[in-house]
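**Student:** with the input below, show me the fold.
(chains A and B)
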Amino acid sequence: MSEVVVAHHDDHHDHGPDKGLARWLFTTNHKDIGTLYLWFSFTMFLIGGVMALIIRTELFQPGLQFIDPAFFNQMTTNHGLIMVFGAIMPAFVGLANWLVPMMVGAPDMALPRMNNLSFWILPFAFAMLISTLFMEGGGPNFGWTFYAPLSTTYAPDTVTYFIFGVHLMGASSIMGSINIIATILNMRAPGMTLMKMPLFVWTWLITAYLLLAVMPVLAGAVTMMLFDIHFGTSFFNAAGGGDPVMFQHIFWFFGHPEVYIMILPAFGIVSQIIPTFARKPLFGYDSMVYATASIAFLSFIVWAHHMFTVGMPLAGQLFFMYSTMLIAVPTGVKVFNWTATMWRGSMTFETPMLFAIAFVILFTIGGFSGLMLAITPVDYQYHDTYFVVAHFHYVLVPGALFSIIAAVYYWLPKWCGRMYDESLGKLHFWLSFIGVNVTFFPQHFSGLAGMPRRIPDYALQFADFNMVSSIGAFIFGFSQVFFLYVLIKTIRSGEPATDRVWEGAHGLEWTLPSPAPYHSFTTPPNVTDAEAHS
Amino acid sequence: MSRNIGSTGGHGRTVGKLCLMVCGMFAFGFALVPLYDMFCEVTGLGGRTGDQYAYDPASMQKDSSRLVKVNFVTNTNDGMAWEFWAESGGVRVHPGEVKEVKFYVRNPTKQRMVGQAIPSVVPGRAAQYFHKTECFCFNNQVLEPGETLEMPMRFIVDPDLPKNVPTVSLSYALFDITEMAAGNMKSRAEG
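**Tutor:** Numbers count the residues shown, from 1 in each chain, chains lettered A, B, ... in the order given. Next up is the predicted model:
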């Protein structure tokens, strides 16, 4: 085996990337594919963001001003689908592609050709989904949760495109997850034991298992929809003996693990960044690993808390309420560990650290509103209101998205060999931080006061909160365009970065030169205690 | 295009196991359908009532000591043009006694239509104690234009019905399944 590696190494003496478009189409290099994933997700993020701004423009004032309600429904649905499946998930897969091989000391992903395939089916999936907006009858308009019968009996004809799009996204995620698991389990450098792995690798390992467990269930759910729509089955059709409520059970059996798929890698990122800038090892490494695994397990037994109001026996309501509240325990362990890592550390506040600290604070706010929603009796009041919208945006925007932005600032110097402009990065942070809170904090209040979600018009008493929210949305939206400018400026003309980049950074990726060479760790590195958790 | 430095040969077993997991979970997604049905029948989740009840007078004692109020609710689903009503809004019965109630449907349209009634019991935990020995919901109904049909429904409230359930409501939703029936589609309701 080692002889083969050495022989290849000699063959590849001057072998850099191919030139032109072929490099990107046919690449099997984990760094190229990581870059493709990240740019793809940024593109989707901007498209989904435009949809969010269309929604917020309509909601700026009560009444119907700009778009008709049917199009509004398409905007909320596609905003959700694109942000979840097109922006957040591919961004994490892109980070995994770039970082996992470098962090475990592997030369590439385990299955490079499949890696290429799992990226390149994504643009087709989203082209199919977005193209429905321009078709007769419009695109999906049934909410990102696509509850039957809205998505079957009452769906626009384009729903079939949506179904095949979801199938492709699922296939992409499944292939990506198999690749990540195989890389982590089989390709670690000698000495990189499981309990020495960086937490980003640990959280992605667990996330990949979650994806493998639930993406097939989602594929099953959309397949049942397809059969109900085209082949006359009655999985979700009450007239034929099916049950629409069963759709919600199957969907949320996928859906709740899915929301942790979007947050566990974020936990990993923050657990890499905070120790670097606190200049202390992560507090409670082992408990972080076990907490992540516990959260992953619990995610499978709490799904019905999304549907308390559909009617459920009392025992069921109590079970799902208590099991949901139990999740606060491992999550609390994590927040405690991050705080304890910062305690008496020599902290500095570079842009990645600012985003990571904002993550800890704002994600915790989102976690607390989640606890409020877990309480069955009050959920009847909060269900389907803007309080829910505020809750999941607090965990997804300053949660998942902030962690991705933090990761980009943190590792970008390693990827492109150039340092970003610190004052521009900080300006981006403060604009985002203010924008996100101005947008979503008032939604807690309008939700508690009873404003329903997914509605293009609202009663007059919600006007002020919505106006504030819309102003915040535009601040946040345009500050992400500013982020694009910061990125391009860094890649084109940033100051050269050092190999270590950050004074307090530990990990195998920082032992590589900046920018990281096209082929790294073709011979396994020496895993020292300084570079791995010990 | 660069060749891969990492060998893919050693990953076969890992990938094989993971693919098995994916196939297993895809199958599990479909297995949720019968599992959900079973779960509903056992717990009465969603107020689902059982199929035709085999009534054995010897095994069931009439409980004359209490009366249970049984309410009847008739609904037509969105887009269903039929008229649908029960002879009364509710009756009082002793648990264990057989009671018959007549329901009626009328097709006011100019087309031949097929209807299917779907029952549901509230509260859900009473569903498993509500037995029907004869119900129009076991079959679908075909009505010619203008036709009216009288449909008897016979039921028994089980004497084991918890004492703290004084009232049981039986609701029927009537669906238009003309198109489904014309397509000769199999459905559990027809079977």
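**Student:** hang on, residue A:272 packs against residue A:353?
**Tutor:** No - using C-beta atoms under 8 Å, residue A:272 is not in contact with residue A:353, being 11.2 Å away. (Each C-beta comes from the backbone N, C-alpha and C, glycine too.)
**Student:** neighbour count: these two, which is higher?
**Tutor:** Legend: neighbour count by other C-beta atoms under 10 Å in any protein chain shown for residue A:272 and residue A:353, higher for residue A:272 (27 against 24).
**Student:** how close does that one sit to residue A:285?
**Tutor:** Between residue A:272 and residue A:285 the distance, using C-beta to C-beta, to the nearest Å, works out to 12 Å.
**Student:** what's around the residue in chain A positioned nearest to chain B, how many residues?
**Tutor:** Going by C-beta to the nearest C-beta, chain B is nearest to residue A:220 of chain A, at 2.7 Å. Neighbourhood size, residue A:220 [other C-beta under 10 Å]: 24.
**Student:** which SS class is it?
**Tutor:** What DSSP: H, G, I helix; E, B strand; the rest coil gives for residue A:220 is helix.
**Student:** how about the contacts made by it?
**Tutor:** Contacts for residue A:220 were tallied using C-beta atoms under 8 Å, 6 or more residues apart in numbering or on different chains; they are A:250, B:26, B:28-30, B:32.
**Student:** hmm, 7 Å instead?
**Tutor:** Counting by C-beta atoms under 7 Å, 6 or more residues apart in numbering or on different chains, residue A:220 makes contact with B:26, B:29-30.
**Student:** mind listing what's buried in the biggest helix by length in chain B?
**Tutor:** Longest helix of chain B, by residue count under DSSP state H: helix B:12-43. Neighbour counts over helix B:12-43 (16 or more other C-beta atoms under 10 Å in any protein chain shown) mark B:14-15, B:18, B:21-22, B:25-26, B:29-30, B:32-33, B:36-37, B:39-40, B:43 as buried.
**Student:** again with stretch B:62-72
**Tutor:** Within stretch B:62-72, the residues that qualify as buried are B:63, B:68, B:70, B:72, counting by 16+ other C-beta under 10 Å.
**Student:** ok, and what's touching it?
**Tutor:** With contact meaning C-beta under 7 Å, 6+ apart, stretch B:62-72 is reached by B:86, B:89-97, B:101, B:157, B:159, B:161, B:166-170.
**Student:** where in the chain is pLDDT low?
**Tutor:** Going with chain A. By pLDDT under 70, the weakly predicted segments of chain A are A:1-15, A:534.
**Student:** ah, no, chain B please
**Tutor:** Counting by pLDDT under 70, chain B contains low-confidence ranges at B:1-9, B:183-191.
**Student:** for chain A, what is the nearest residue in it?
**Tutor:** residue B:29 (2.7 Å).
**Student:** just checking, that residue touches residue A:217?
**Tutor:** Yes - using C-beta atoms under 7 Å, residue B:29 makes contact with residue A:217 at a distance of 4.1 Å.
**Student:** which neighbours do those two share?
**Tutor:** Common neighbours of residue B:29 and residue A:217 (C-beta under 7 Å, 6+ apart) are residue A:250.
**Student:** how about the residue nearest the centre of chain A, what does it touch?
**Tutor:** Centrality entry for chain A: nearest residue to the mean C-alpha point is residue A:88, 3.1 Å, by C-alpha atoms, centre = their mean. With contacts defined as C-beta under 7 Å, 6+ apart, residue A:88 is in contact with A:262, A:396, A:400-401.
**Student:** can you tell me the SS state at residue 100?
**Tutor:** With no chain named, the answer covers chain A. Going by three-state DSSP: residue A:100 is helix.
**Student:** actually it's chain B I care about, not the one you picked
**Tutor:** Following three-state DSSP, residue B:100 is assigned to strand.
**Student:** before we move on, what SS does the residue nearest to it when sequence neighbours are not counted have?
**Tutor:** With C-beta to C-beta, 6 or more residues apart in numbering or on different chains as the criterion, residue B:100 has its nearest non-adjacent residue at 4.8 Å, and that residue is residue B:154. Classification of residue B:154 by three-state DSSP places it in strand.
**Student:** just checking, residue B:154 touches residue B:134?
**Tutor:** Yes - the pair residue B:154 and residue B:134 passes the contact test of C-beta under 7 Å, sitting 4.4 Å apart.
**Student:** residue A:37 contacts residue A:119, doesn't it?
**Tutor:** Yes - under the contact definition of C-beta under 7 Å, residue A:37 touches residue A:119, with a separation of 5.8 Å.
**Student:** ok, and the closest non-adjacent residue to residue 92?
**Tutor:** I'll assume chain A. Closest residue to residue A:92 apart from its sequence neighbours, by C-beta to C-beta, 6+ apart: residue A:265 at 4.4 Å.
**Student:** actually it's chain B I care about, not the one you picked
**Tutor:** In this structure, residue B:92 finds its nearest non-sequential neighbour in residue B:67, 4.6 Å apart by C-beta to C-beta, 6+ apart.
**Student:** need the strands for chain B, in chain order.
**Tutor:** With DSSP state E, the ranges of strands along chain B come out as B:68-76, B:83-86, B:90-93, B:98-106, B:113-122, B:130-134, B:141-143, B:148-157, B:167-176.
**Student:** redo those strands as JSON lines? Include distance to residue A:481.
**Tutor:** Shown next, in JSON lines, are the strands of chain B (distance: least, C-beta to C-beta, whole Å):
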{"stretch": "strand B:68-76", "distance to residue A:481": "52"}
{"stretch": "strand B:83-86", "distance to residue A:481": "58"}
{"stretch": "strand B:90-93", "distance to residue A:481": "64"}
{"stretch": "strand B:98-106", "distance to residue A:481": "61"}
{"stretch": "strand B:113-122", "distance to residue A:481": "52"}
{"stretch": "strand B:130-134", "distance to residue A:481": "61"}
{"stretch": "strand B:141-143", "distance to residue A:481": "61"}
{"stretch": "strand B:148-157", "distance to residue A:481": "65"}
{"stretch": "strand B:167-176", "distance to residue A:481": "50"}
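**Student:** closest to residue A:292 out of those strands?
**Tutor:** strand B:113-122 (41.8 Å; C-beta to C-beta).
**Student:** quick one: strands adjacent to the closest one?
**Tutor:** Here strand B:113-122 has these sheet partners by DSSP bridges: strand B:141-143 (antiparallel), strand B:167-176 (antiparallel).
**Student:** right, so the ones you listed: which one is the most enclosed?
**Tutor:** A comparison of those by mean neighbour count, using mean count of other C-beta atoms under 10 Å in any protein chain shown, puts strand B:167-176 on top with a mean of 20.
**Student:** got the angle for it vs strand B:68-76?
**Tutor:** Here strand B:167-176 points in a direction 20 degrees away from that of strand B:68-76 (axes from the mean of the first three to the mean of the last three C-alpha atoms, to 10 degrees).
**Student:** in CSV, list the C-alpha atoms belonging to strand B:167-176.
**Tutor:** Taking Å, rounded to 0.1, in the frame of the first residue of the first chain, the C-alpha atoms of strand B:167-176 are listed here in CSV:
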residue,chain,number,x,y,z
THR,B,167,-70.1,11.0,25.3
VAL,B,168,-68.8,9.6,22.0
SER,B,169,-69.1,11.4,18.8
LEU,B,170,-69.0,9.6,15.5
SER,B,171,-68.2,11.7,12.5
TYR,B,172,-68.4,10.7,8.8
ALA,B,173,-66.6,12.5,6.1
LEU,B,174,-68.1,11.7,2.7
PHE,B,175,-65.6,11.8,-0.2
ASP,B,176,-66.3,11.9,-3.9
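**Student:** residues near the closest residue in space to residue A:164 that isn't next to it in sequence, how many?
**Tutor:** Ranked by C-beta to C-beta, 6+ apart and with sequence neighbours excluded, the top spatial neighbour of residue A:164 is residue A:128, at 6.2 Å. Burial of residue A:128 is recorded as 20 neighbouring residues (other C-beta under 10 Å).
**Student:** how far out from the middle of the chain is the helix or strand where residue A:210 lies?
**Tutor:** Using DSSP states H and E, residue A:210 maps to helix A:199-230. With C-alpha atoms, centre = their mean, to the nearest Å as the basis, helix A:199-230 stands 14 Å off its chain's centre.
**Student:** ok, now stretch A:346-357?
**Tutor:** The chain centroid and the centroid of stretch A:346-357 are separated by 21 Å, computed with C-alpha atoms, centre = their mean.
**Student:** right, I'll call it a day here.
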